[in-house]
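> Please find the sequence and the predicted model below.
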Amino acid sequence: MSVSTVDGQAVADYFGLAGHSAAWVTELDALPVPSPAAIADPATLADQFTRLGGDRADLAELQALRPRLEVPAVRWLLDRCAWQLIGDMGSLVTNPQSREWPPWPLLASADDPLNRYFYVFVFLAGLPAVREFHQSRGISDEISWASLADLGQQMSVYRRIYGTGGLHTQVWLTIPFRGLLYRLGRLQYNLSRIDFDQATIDRLGLPFRPGDQIVGVHIPEQGRLDPASCDASLRLATEFFDAHFPEWGHRFATCHSWLLDPRLADYLPAESNIVQFQRRFAIVEEGTDQDAAVYEFVFRRINPTLDELPQNSALERAVVAHLRSGGHWRTPSGWLELPVSRRN
Ligand SMILES: CC(C)(COP(=O)(O)OP(=O)(O)OC[C@H]1O[C@@H](n2cnc3c(N)ncnc32)[C@H](O)[C@@H]1OP(=O)(O)O)[C@@H](O)C(=O)NCCC(=O)NCCS
């Protein structure tokens with residue numbers, strides 16, 4: 001079978017996909033046939049992957065998997081995912097109707113390393129396009145690579161959770177790799193839109209409307225969240241978006257995170273970085289119970305029992321004490337006004 005005779009069903013069969021995942025692959029049949037996605041030669045790939053924050057063990061696995069990219073079913077899926085990624089470059093800027101999250105499911109059976117690493121190849125295939133996009137916006141190499149290095153960060157988290165190499169946050173990573181998310185000092189920011197409804201906005205008297213252009217704030221794991229670095233980062237955000245996305249409305253920022261759960265302040269000291277960070281934001285929505293997010297971000301575990309969780313830090317103790325008392329953790333949404341531009 002050659003790549004031109006493969007169809008979505010054959011790809012679903014090759015990867016052992018069922019249900020929604022199989023339906024997603026068969027929908028890709030309707031895409032125009034894309035040009036083959038280029039993966040760099042081994043030496044260039046090693047250089048790129050290192051700049052993306054990847055580690056040696058993952059690099060060795062990626063190099064070993066390269067020949068399998070020429071299996072027709074794999075090539076078919078790689079070409080289509082890369083096409084979706086590249087075709088959507090900067091899409092929130094140019095096309096407000098564009099979907100923010102392509103529905104890329106985990107591929108079946110993590111026993112096969114190709115399934116665990118498949119989307120890493122998609123991002124590597126998309127790398128030249130996003131680098132070109134950054135250059136077209138005058139973004140420095142330093143910010144460009146720091147933003148894209150979230151790939152290596154996410155892969156290191158995967159290894160800590162699952163004890164093996166791979167990637168499970170492929171949907172999240174489409175944001176930096178479509179030129180929509182930037183690492184600016186301590187924090188990351190993505191081009192986003194207000195998704196609070198009008199009734200909530202009216203009730204709270206908020207200074208924006210549904211769909212307004214704003215930036216979203218994200219908190220990468222990497223060092224502490226000290227207030228001075230956050231102040232510097234927020235100032236940098238105003239300057240960065242003024243300079244590189246002047247058409248984007250970026251007066252306000254929103255954040256959607258377990259770090260904003262006000263109950264953390266019942267357990268952590270007032271001077272803790274988390275409590276100081278959450279005080280920057282006015283809460284708009286309390287969010288729903290999301291204990292799983294806290295298990296993942298604090299403990300890097302999926303579905304643990306309370307007894308197996310370490311109790312070494314004030315936060316670890318707080319999380320478990322609250323759950324043992326019958327409580328749950330939420331991921332509230334809040335907003336703040338970015339520092340005013342010095343140019344105004
Ligand atoms: C956000 C983050 C940097 C805050 O860390 P911090 O600056 O140390 O925060 P605080 O000063 O408030 O920490 C208070 C206490 O909790 C501990 N703590 C903070 N984050 C912790 C974590 N992820 N795991 C375990 N303990 C943690 C601190 O060590 C400190 O404990 P101690 O007083 O016993 O020494 C950290 O939680 C982190 O890296 N989280 C993962 C990324 C994340 O969750 N992003 C948001 C995704 S929505």
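Cool, got the structure. Keep in mind the model is a prediction, meaning the values are calculated, not measured. Residues are numbered from 1 along each chain as shown.
> which parts of the stretch 1-150 of the chain sit against the ligand?
Within the stretch 1-150 of the chain, no position is near the ligand by CB under 6 Å from any ligand atom. Quick note: C-beta positions are derived from backbone N, CA and C, even for glycine.
> How about the stretch 1-150 of the chain: which residue is closest to the ligand?
Closest approach of the stretch 1-150 of the chain to the ligand (CB to the nearest ligand atom) occurs at Asp150, with a separation of 11.8 Å.
> Does that residue touch Tyr182 like I think?
No. If you go by CB atoms under 8 Å, Asp150 and Tyr182 don't touch, sitting 10.1 Å apart.
> of the two, who's got more company?
Just comparing Asp150 and Tyr182: by other CB atoms under 10 Å the higher neighbour count belongs to Tyr182, 27 against 23.
> Quickly list what's touching both of Asp150 and Tyr182.
Residues touching both Asp150 and Tyr182 (CB atoms under 8 Å, 6 or more residues apart in numbering) are Pro176, Gln188.
> Can you report how many residues neighbour Phe133?
Per other CB under 10 Å, the neighbour tally for Phe133 reads 20.
> Quick check: the gap between the residue lying closest to it once chain neighbours are set aside and the ligand.
Of all residues not flanking Phe133 in the chain, Gly179 sits nearest, at 4.2 Å (CB to CB, 6 or more residues apart in numbering). Gly179 is 21 Å from the ligand, where distance means CB to the nearest ligand atom, to the nearest Å.
> Gly179: which element?
Assigned by DSSP states H and E, Gly179 belongs to neither a helix nor a strand.
> so who does it touch?
Met89, Gly90, Val130, Phe133, His134, Arg137.
> Let's see that with 10 Å instead.
88-93, 129-134, 136-137, 139, 144, 147-148, 190-191, 245 (CB atoms under 10 Å, 6 or more residues apart in numbering).
> what do you get for Leu315?
Leu264, Tyr267, Leu268, Ser272, Ile274, Val294, Val298, Phe299.
> Buried among those? Make that a PyMOL selection.
Remark: buried members of these, expressed as a PyMOL selection using 16 or more other CB atoms under 10 Å:
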select buried, resi 264+267+268+272+274+294+298+299
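> and the stretch 151-300 of the chain, which residues reach the ligand?
So the stretch 151-300 of the chain meets the ligand at 219, 221, 224-225, 257-259, 268, 272-274, 297-298 (CB under 6 Å from any ligand atom).
> What is the nearest of the residues you listed to Gly19?
Phe297 (27.8 Å; CB to CB).
> the strands in the protein, which residues?
Ranges of strands in the chain, per DSSP state E, are 181-184, 187-193, 213-218, 252-256, 282-285, 333-337.
> pLDDT averaged over stretch 126-133 - what is it?
Mean pLDDT, stretch 126-133: 97.
> For it, which outside residues touch it?
37-40, 44-45, 48-49, 51-52, 81-90, 93, 123, 139, 141, 144-145, 147-148, 151, 173-174, 176-180.
> care to break the protein down by domain?
The domain map for the chain lists 1-179, 181-344, with the assignment taken from automatic domain parsing.
> The residue lying closest to Leu124 once chain neighbours are set aside: neighbour count?
Using CB to CB, 6+ apart and skipping the chain neighbours, the partner closest in space to Leu124 is Ile39 (5.8 Å). Ile39 sits with 19 neighbouring residues when counted by other CB under 10 Å.
> Can you check which helix is longest in this protein?
Counting by DSSP state H, the longest helix found in the chain is helix 113-136.
> Any stretches of this protein with poor pLDDT?
1, 92-101, 342-344 (pLDDT under 70).
> Quick check: closest non-adjacent residue to the residue nearest the centre of it.
Centroid check for the chain by CA atoms, centre = their mean gives Trp172 as the closest residue, at 2.9 Å. Using CB to CB, 6+ apart and skipping the chain neighbours, the partner closest in space to Trp172 is Gln154 (7.2 Å).
> circling back: tell me who's in contact with the residue nearest to the centre of the chain.
Counting by CB under 10 Å, 6+ apart, Trp172 has contacts Trp101, Asp150, Gln154, Leu181, Asn190, His218.
> tally of neighbours for the residue lying closest to Leu338 once chain neighbours are set aside?
Leaving aside its chain neighbours, Leu338 sits nearest to Thr238 (4.9 Å; criterion: CB to CB, 6+ apart). For Thr238, the count of nearby residues is 21 (other CB under 10 Å).
> thinking again about what came up before, mind checking how far the residue nearest to Trp172 is from the ligand?
For Gln154 relative to the ligand (CB to the nearest ligand atom), the value is 11 Å.
> Surely that residue and Phe177 touch.
No. Gln154 is beyond contact range of Phe177, at 11.2 Å (criterion: CB atoms under 10 Å).
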